[in-house]
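predicted model follows, preceded by the sequence.
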Amino acid sequence: MYRNIWSTSRCCGGFLKQSNRLISYHNSLSHQVNSFTQQIKAPKTNAKGLFGNQLLSNWNGFYLFRQNAIIEAEGLVQEAISPSRNRKMVQVFDELSNCLCKVADLSEFVRIGHPDRNYANAAEQSSIAINAEVERLNTNRALYNALLQTTTQGDVVPTTAGDDYVSKLFLFDFEQSGIHLNEDLRKEVVHLNEHILQVGSYFMQGTAQPRVVISGLHNDSNDPKLREFAFKQFLRFEDHQEQLLLELIYSRLKLSRICGFQSFAHRAINGSIAETPEFVWELINTVNNMVRSKSELDFTHMLALKQNESFEHCGVLKQWDIPYYTQSHKVKRFSEDIKSANPYFSLGSCMEGLDMILNSIFNIRLEICDTNEEDLWHPNVMKIAVRDLSNEKLLGYIYGDFFIRSKKPFHDCDYQLPIVVVFLNFPNATSSYPTLLSPSMVDNLFHEMGHAIHSMLARTPYQHVTGTRCSTDLAEVPSILMENFASDPRVVGKFAKHFANGKPIDEKLLHNWIDSKTIFAASDLQLQIFYSALDQVYHSDNPLKSCRNTTEVLNKIQDQYYGIGNTSGTSWQLRFGHLVGYGAKYYSYLVSKAVSSSIWDKLFERDPLSSSAGSFYRQEVLAHGGGKPPKEIVESVLGHEVTANFLANSLVNNIDQHYLKSSKLDQ
């Protein structure tokens, strides 16, 4: 989810015993997945269409797909405003939201993920049409008034506390568009929303533009002069990007004030675990004070590495040194171990590991499906059924688009549809080897599958708040928690099996593989603190704080919250695309990391495969989706008030545990 700008921080024989059942290696999920990855498959077309939707057996079907949704939506609008309505208003609104979202979500995925330009273009037109319909509904005063009346005066049908909470979420979404304002202000809100989208798009394009002949930072180069030159050129100040960033943050501020918020941060953080920017700042300052000395030790270690490599006294660690020495130290210490461990981490072994974990803690199973009669956007997409073993109920499907291909967008994510698509960029298998995963790839797989399982296990009555449709700082908790399983030797040792013969990984090799993930963890956390602080300042009620430009703000915040000063003449914030997608929400990394670590310590540290812990976590966190206030969900599962100090302690204790384990291995 979070990308660092200038730092590197994220068959024959044998039987395998898994989740108390003995299975033949040839019939295991691992063998099925690895065999799938090594097959050469030709594209096919069947009448069922994409995701089993017959309309989408041809790209022309997107027109009817979207028009049917628009017609259905109009009928639901009429029901909502009808004086003879006999259903809960929240039920009508949820159905209205669902009929549009299921088209919008699917269209957006196909627009990005489908390799056929006809499909992608048709999906884009569908997405535009649905967005226009949503905008039209956002201006429907009769619809808004009907919802407002039931929310403030009660519904004609008895409602529960959960119904009322979701109704208020719908009302808040409505008012984000300024419908409750007078006509002139409402038009300005609409204009500002469109303007912010356009400016953000232009800013994102500029973050990747090469400068002169420098297309990147050359972080892996052992030539310090080249690293310095690349850093200064690639991140130098660019006035057009500066104007776009200023336009973005001040348009957001103006929009927020029109809608009644003190700042964009107040608007963005509302309804999250953190709830207010004041809480976020308390967390940032608290954890900064606690981790600063630890991150300075990391920087001192990096400086020593620099001095040893240069054979001369180098008094200062520079920004362009940090990613290089982080990675080079990792390579020198662990490269042979990681290379030796790779055969034990085939995609099949890791998927079997996920199945084992989910079976143990949730009593659910992953099953590879036959897709011979189904249209897929690419023949290498894998369809996985998720089944509850307690009642053999099908919970849903996960489509695994795991493998890199030409023109596929290079980012890892999951797309929530009526089913879930996990979108990754793993290397393709060869005729000799299945897909083998590096430590970071394993973490990415577990992370995105954490999102997918969240969607499967949320049992909310309303789709509007199901699964990951909740605040960002809560949505990332289940995915980060899943990464913990991929770093626990008691768990990983059960599924890390050699792809050729099923032999388990050597214990020392396993511990080194896990230890390789946490090099310089304190300085990495310090970087996240700094990013979060800068994001909050830019989206505060005073973005420049008496500075002349965004770089002067950057310089002050970097000195206070990082410890390695910004290089004169550079403005890396103009390359920081997360200011667009995670505006005022970058802090979510800190909160979700702390919460997931606390949940792990309370429920899974003693026994990571505990079914009772899994059942409790499923009921108290996953089942609610976004249907309950996020802070209530977290405090309920932890049995503890969520304060800034509590979260900061969780983050720092997590680092201390990593360093303690690492030091024991070094002895």
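Sure thing, it's come through. Predicted, not measured: the structure shown is a model, and the values here were computed from it. Numbering: from 1, shown residues only.

so what's G450 up against?
Counting by CB atoms under 8 Å, 6 or more residues apart in numbering, G450 touches P478, S479, I480, L481, M482, E483. Quick note: C-beta positions are derived from backbone N, CA and C, even for glycine.

mind checking how far it is from E635?
According to CB to CB, to the nearest Å, G450 and E635 sit 21 Å apart.

just the closest of the contacts of G450 to H31, please.
Proximity of the contacts of G450 to H31 was ranked by CB to CB; the top entry is M482 with 23.1 Å.

skipping adjacent residues, who's closest to that closest one in space?
Spatial nearest neighbour of M482, excluding adjacent residues (CB to CB, 6 or more residues apart in numbering): G450 at 3.3 Å.

and that neighbour, what element?
According to DSSP states H and E, G450 maps onto helix 439-457.

which other helices and strands does the first helix or strand past that helix going along the chain contact?
Sequence order places helix 472-485 as the next helix or strand after helix 439-457, per DSSP H and E. The criterion is 3 or more CB pairs under 8 Å, 6 or more residues apart in numbering; DSSP states H and E, and the helices and strands that helix 472-485 contacts are helix 439-457, helix 588-599, helix 630-638.

if we use 6 Å, what do you get?
Secondary-structure packing of helix 472-485 (3 or more CB pairs under 6 Å, 6 or more residues apart in numbering; DSSP states H and E): helix 439-457, helix 588-599.

ok, back up a step: now tabulate the contacts of G450 in TSV and tack on neighbour count, pLDDT and distance to L579.
Output for the contacts of G450, formatted as TSV (neighbours: other CB atoms under 10 Å; pLDDT from 0 to 100; distance: CB to CB, whole Å):
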residue	neighbour count	pLDDT	distance to L579
P478	26	97	25
S479	23	97	22
I480	22	97	22
L481	25	98	27
M482	24	98	27
E483	21	97	25
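
can you tell me what sits against the lengthiest strand in the chain?
Under DSSP state E, the strand in the chain containing the largest number of residues is strand 393-403. Strand 393-403 is contacted from outside by 380-388, 419-424, 426, 428, 452, 456, using CB atoms under 6 Å, 6 or more residues apart in numbering.

restricted to buried residues, select those residues in ChimeraX.
Buried members of these, defined by 16 or more other CB atoms under 10 Å, are picked up in ChimeraX with:
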select :380,381,382,383,384,386,387,419,420,421,422,423,424,426,452,456
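
show me the contacts of strand 393-403 that map onto helices.
Judged by DSSP state H, the contacts of strand 393-403 include A452, M456 as members of helices.

can you pull the buried residues of stretch 618-627?
Neighbour counts using 16+ other CB under 10 Å place R618, E620, V621, L622, A623, H624, G625, G626, G627 of stretch 618-627 among the buried residues.

still on that earlier bit, pick the most deeply packed of the helices and strands packed on helix 472-485.
Sort the helices and strands packed on helix 472-485 by mean neighbour count, taking mean count of other CB atoms under 10 Å, and helix 588-599 sits at the top with a mean of 25.

beyond that one, next helix or strand please.
Assigned by DSSP H and E, the successor of helix 588-599 is helix 611-620.

can you list contacts of that next one?
I361, F362, L457, L603, F604, S636, V637.

now do stretch 601-620: distance from first to last residue.
End-to-end distance for stretch 601-620, by CA to CA, to the nearest Å: 16 Å.

if we go by neighbour counts, what in it is buried?
So, applying 16+ other CB under 10 Å, buried residues of stretch 601-620: 601-604, 608-610, 613-614, 616-618, 620.

save the residues you listed as a markdown table, and put in distance to A644 too.
Output for the buried residues of stretch 601-620, formatted as a markdown table (distance: CB to CB, whole Å):
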| residue | distance to A644 |
| --- | --- |
| D601 | 18 |
| K602 | 19 |
| L603 | 22 |
| F604 | 24 |
| P608 | 28 |
| L609 | 32 |
| S610 | 30 |
| A613 | 26 |
| G614 | 29 |
| F616 | 26 |
| Y617 | 24 |
| R618 | 28 |
| E620 | 22 |
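
name the nearest of those residues relative to T371.
R618 (28.6 Å).

tell me how far the closest one lies from H640.
From R618 over to H640 (counting by CB to CB), the distance is 19 Å.

who's the closest spatial neighbour of N363, skipping the chain neighbours?
Nearest to N363 is L389, by CB to CB, 6+ apart, at 4.9 Å.

show me what stretch 231-251 is in contact with.
Stretch 231-251 is contacted from outside by 192, 195-196, 199-200, 202-203, 206, 211-212, 214, 217, 320, 538, 543, 550, 569-572, 574, using CB under 6 Å, 6+ apart.

would you map the helices across the stretch 1-150 of the chain?
Ranges of helices in the stretch 1-150 of the chain, per DSSP state H, counting those that start in this stretch, are 29-37, 61-81, 89-113, 117-137, 141-153.

can you redo the ones you listed as JSON lines with mean neighbour count and distance to K517?
Putting these into JSON lines (neighbours: other CB atoms under 10 Å; distance: least, CB to CB, whole Å) gives the following:
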{"stretch": "helix 29-37", "mean neighbour count": "22", "distance to K517": "22"}
{"stretch": "helix 61-81", "mean neighbour count": "17", "distance to K517": "42"}
{"stretch": "helix 89-113", "mean neighbour count": "21", "distance to K517": "28"}
{"stretch": "helix 117-137", "mean neighbour count": "18", "distance to K517": "36"}
{"stretch": "helix 141-153", "mean neighbour count": "16", "distance to K517": "47"}
